[in-house]
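J.: Okay, here's the prediction I keep looking at, along with the sequence it came from:
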Amino acid sequence: MSPAATVHLALFGDSIAAGVGATRTQDALAALLAADLRTTGAAVEPRTFAVSGARSAALPGQVSAAGDWPDLAVVVVGANDIRHLVPAGQAVADLTRALSVLRGHGVEVVLVPAPDLGAVARVPVGLREFARAASAGLRAAQGDAVRRLGVRVVDTAATSAAFAADPAMFSADAFHPSSAGYRVLADALAPAVREAVAALAGSAPGGDDGHDDGDGDGGPS
């Protein structure tokens, strides 16, 4: 795309991608990422296709609903697969199917993999080790699968630590991020999202190929 073109930023996935828990619309993930990109001089139009409660199985439908609109996709998914005990292999297959469609259309994709549910205060203490292990297993499988597609996988280990250490990162339901939590998450995503926009500009006729192979560890959100 032309470096001067408006970047169509699509958010896919679950309640975090949808901004549940944010006090204001401008504190939701889509708005925060768009605001950060605008500070670089990029023109950005964000849209959210994510749905609260969505599992990986919902992603192909969300991607289909977006059609050929997106240039850049941020995908946040995995928590509900863990909560509903979806086998990791099935969740990863659903994720890969959706992201393959996006990549096939030339969309740059940034994945926020399964969060560390062991860091969530609302999870009973006796279940936190199980939740942490299940989160780590799905997160690793997601990263292994989607990097082969050229997807950038965000390492949000520091974000997970911040959430575990500070109750203010969570909204009143003690599960979803607060506005402060979304700002921390957006800061963690911003470098990968900026790289993806640079890759889009580099793919324009006569531009350099700025595509990153997506190497980097995935981490909890």
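T.: Looks like it came in fine.
J.: Output the longest strand anywhere in the chain as PDB, nothing but the C-alphas.
T.: Taking DSSP state E as the criterion, the chain has its longest strand at strand 7-13. Below are the C-alpha coordinates for strand 7-13, written out as PDB (Å, rounded to 0.1, in the frame of the first residue of the first chain):
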ATOM      1  CA  VAL A   7      -4.200   2.100   7.400                       C
ATOM      2  CA  HIS A   8      -7.300   0.000   8.100                       C
ATOM      3  CA  LEU A   9      -6.700  -1.500  11.600                       C
ATOM      4  CA  ALA A  10      -9.000  -4.400  12.500                       C
ATOM      5  CA  LEU A  11      -9.300  -5.900  16.000                       C
ATOM      6  CA  PHE A  12     -10.300  -9.500  16.200                       C
ATOM      7  CA  GLY A  13     -10.800 -11.900  19.000                       C
END
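J.: how far is that strand from where the chain is centred?
T.: Its chain's C-alpha centre and that of strand 7-13 lie 10 Å apart, by CA atoms, centre = their mean, to the nearest Å.
J.: for residue 181, helix, strand, or coil?
T.: In three-state terms, and counting by DSSP: H, G, I helix; E, B strand; the rest coil, residue 181 is helix.
J.: That one and residue 23 touch, don't they?
T.: No: Residue 181 is beyond contact range of residue 23, at 10.8 Å (criterion: CB atoms under 8 Å). Using the backbone N, CA and C atoms, a C-beta is placed for each residue, glycine as well.
J.: ok, the two, which is more surrounded?
T.: Legend: neighbour count by other CB atoms under 10 Å for residue 181 and residue 23, higher for residue 181 (23 against 13).
J.: What pLDDT does the model give the more buried one?
T.: With respect to pLDDT, residue 181 has a value of 96.
J.: which residues in the protein form strands?
T.: Applying DSSP E to the chain gives strands spanning 7-13, 44-48, 72-76, 108-112, 152-153.
J.: What average pLDDT does stretch 12-28 get?
T.: Averaged across stretch 12-28, pLDDT comes to 97.
J.: can you give me the angle the lowest-mean-pLDDT helix or strand in the chain makes with strand 108-112?
T.: Least confident element among the helices and strands of the chain, by mean pLDDT, DSSP states H and E: helix 157-165 (a mean of 90). On the basis of axes from the mean of the first three to the mean of the last three CA atoms, to 10 degrees, helix 157-165 is oriented at 30 degrees to strand 108-112.
J.: What is helix 157-165 packed up against?
T.: Packing partners of helix 157-165 (3 or more CB pairs under 8 Å, 6 or more residues apart in numbering; DSSP states H and E): helix 179-202.
J.: Show me what counts as buried in the helix it packs on.
T.: Neighbour-count burial for helix 179-202 flags 179-186, 188-190, 192-201 (criterion: 16 or more other CB atoms under 10 Å).
J.: Okay, buried residues for the least confident helix or strand of the chain please.
T.: Buried residues in helix 157-165, counted by 16+ other CB under 10 Å: 159, 160, 162, 163, 164.
J.: Which two of those have the greatest separation?
T.: Spatially, the most separated pair among the buried residues of helix 157-165 is 159 and 164, at 9.7 Å (CB to CB).
J.: Tell me which residues are up against stretch 86-97.
T.: 55-57, 59-60, 75, 77-78, 80-81, 111, 137-138, 141-142, 145-146, 149 (CB atoms under 8 Å, 6 or more residues apart in numbering).
J.: That concludes my questions; thank you for your assistance.
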